[in-house]
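> below is the sequence, then the predicted model.
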Amino acid sequence: MPLPAGTLELIAATPATLRALLGALPDEAIEQRDAGGWSVRDVVAHMLAVEEPAFRDRITLILEQPDPTIPVVDEDATLEASGYRLLPLSWLLDEFERRRAGDVAWFRSLDDLDRAGEHPAVGEVTVGNVLSHLAHHDAAHLQQIAGILDATANTGRGNLRRLDA
């Protein structure tokens, strides 16, 4: 089954989108937290931390082993173990861009998107499912970042917030 239109393009564009949105923001904006306690830096660190185990490694496993069991990834533990939350946003953006460029080149070369493995929590998962999940993951976190930035901007609107009513 082919990927939904725009899947690989979204995956490829995410690093540049993050850089364009966040690259010039001051640290104060980067450290603002959402209701769940996540800062923009935390979100980017998370995206980088799970790139390999949740996406690249799962695809590799599906392609290299017959009927593999796809491991569950504890995203919180993976983020904490990475140490990425402590690194500057500029480093996170550079590293995310570097890794993603290599991954996208590999993703574009894949021709067996229907090959599958078994995930213990959700059942059968194909390579195409993993790629679509990655695009969804990127879009969800771009929305999360936009929400953090919006909440900060909204507080400065004063009486103009009444226009939303």
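Received the coordinates, thanks.
> longest helix in the protein, by residue count?
Ordering each helix of the chain by length in residues (DSSP state H) puts helix 127-155 first.
> list the buried ones in it?
Neighbour counts using 16 or more other CB atoms under 10 Å place 127-132, 134-135, 137-138, 141-142, 144-145, 148-149 of helix 127-155 among the buried residues. (C-beta placed from N, C-alpha, C; glycine too.)
> quick one: the helices in the protein, in order.
Going by DSSP H, the chain shows helices at 7-22, 27-30, 40-50, 57-64, 75-82, 89-109, 127-155.
> between the buried residues of helix 127-155, which sits nearest residue 70?
residue 130 (8.4 Å; CB to CB).
> roughly how far apart are that closest one and residue 22?
With distances taken as CB to CB, to the nearest Å, residue 130 is found 26 Å from residue 22.
> got it, and residue 41?
For residue 41, the distance to residue 22 - CB to CB - is 9 Å.
> residues contacting the nearest residue to residue 121 once chain neighbours are set aside?
What sits nearest to residue 121 in space, not counting adjacent residues and going by CB to CB, 6 or more residues apart in numbering, is residue 72, at 6.1 Å. Residues counted as contacts of residue 72 (CB atoms under 8 Å, 6 or more residues apart in numbering) are 119-121.
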